[in-house]
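In: Quick one: sequence plus predicted model below, questions after.
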Amino acid sequence: MTSVRRAAERGRSQLDWLDSRHTFSFADYQDPGHMGFRALRVINEDRVAPGRGFGTHPHRDMEIITYVIDGAVEHRDSMGNGSVIRPGDVQRMSAGTGVTHSEFNPSDAAPVHFLQIWILPERTGLTPSYEQRRFPTAEKRGMLRLIASNDGRDGSVVVFQDVDVFAAVLEPGEEVTHALQHGRHAWVQVVSGTAAIDGVALAPGDGAAVSDERAVTLHARESAEVLLFDLG
């Protein structure tokens, strides 16, 4: 069974420096019918104006993944980490018992476009931690590249939850299939381009929940970048 969440149906927050689209309920956007999918709690697609960003603010008991589509995000946190995240990078921050951080667009000319993803942790009270790794486009081209997992295999960042996150960059006509073990579910999020799942076209920002299926097949109708979450 596949249920599609269209980009145009998402919640939206707008400020003079921020345009944010919410796949699931977040902040002032609350929709009881879209509170997350399995352990996947938030997918926000953010566009931040040059030189602006999110000032220092707290989080706790959440696994937070930042995936940059275009531009750069400058990150600083109370653990002493400071970095710039660019397309191809994956940043994971486990908020655990509590952490504060800020995220800014360091450019004075170009906006930044990125996804912020929240995943509920396997347990509360984890020690806060941080990780950032680079996954070149060549590693994602024509295949599903594991970028985050519970065990950190294949060089993926470690997420403290029973979830595997894959990224794929597909050319028109390319197809990839991901097998789902019994009792597993998938969420597909289109980052860019157009891909079909079970014959249904998904445009940029569209998502789809997949349950009670043995596999998920993605077919690129044009050049596409896609994330796939394999969830318990």
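Out: Good, I have the coordinates. What you see is a predicted model; the values in this text were computed from it and never measured.
In: Which secondary structure state is assigned to Thr217?
Out: Using DSSP: H, G, I helix; E, B strand; the rest coil, the structure places Thr217 in strand.
In: For this protein, give me the ranges with low pLDDT.
Out: For the chain, applying pLDDT under 70 flags no range at all.
In: Any buried residues in stretch 207-215, and which?
Out: Gly207, Ala208, Ala209, Val210, Ser211 (16 or more other CB atoms under 10 Å). For every residue, glycine as well, the C-beta is placed using N, CA and C.
In: how long is that stretch end to end?
Out: Stretch 207-215 has an end-to-end distance of 16 Å (CA to CA, to the nearest Å).
In: and for that stretch, what are the contacting residues?
Out: Contacts with stretch 207-215, where a contact means CB atoms under 8 Å, 6 or more residues apart in numbering, come from 1-5, 23, 37, 43, 177-180, 185-190, 197, 200, 202, 216.
In: neighbours around Met9, how many?
Out: Not Met; residue 9 is Glu. Using other CB atoms under 10 Å, Glu9 has 14 neighbouring residues.
In: now Ile43, which residues is it bridged with?
Out: Here Ile43 sits in beta bridges with Ile117, as judged by DSSP bridges.
In: cool, and Thr2?
Out: Under DSSP bridges, the beta-bridge partners of Thr2 are Val210.
In: how many neighbours does it have?
Out: Using other CB under 10 Å: Thr2 sits among 16 other residues.
In: and what of the one 4 residues further on?
Out: Taking other CB under 10 Å as the criterion, the count of residues near Arg6 is 12.
In: Please look at it and Ala201 and confirm they touch.
Out: No - counting by CB atoms under 8 Å, Arg6 does not reach Ala201; the two are 10.8 Å apart.
In: Before I go, just wanted to say thanks for your time.
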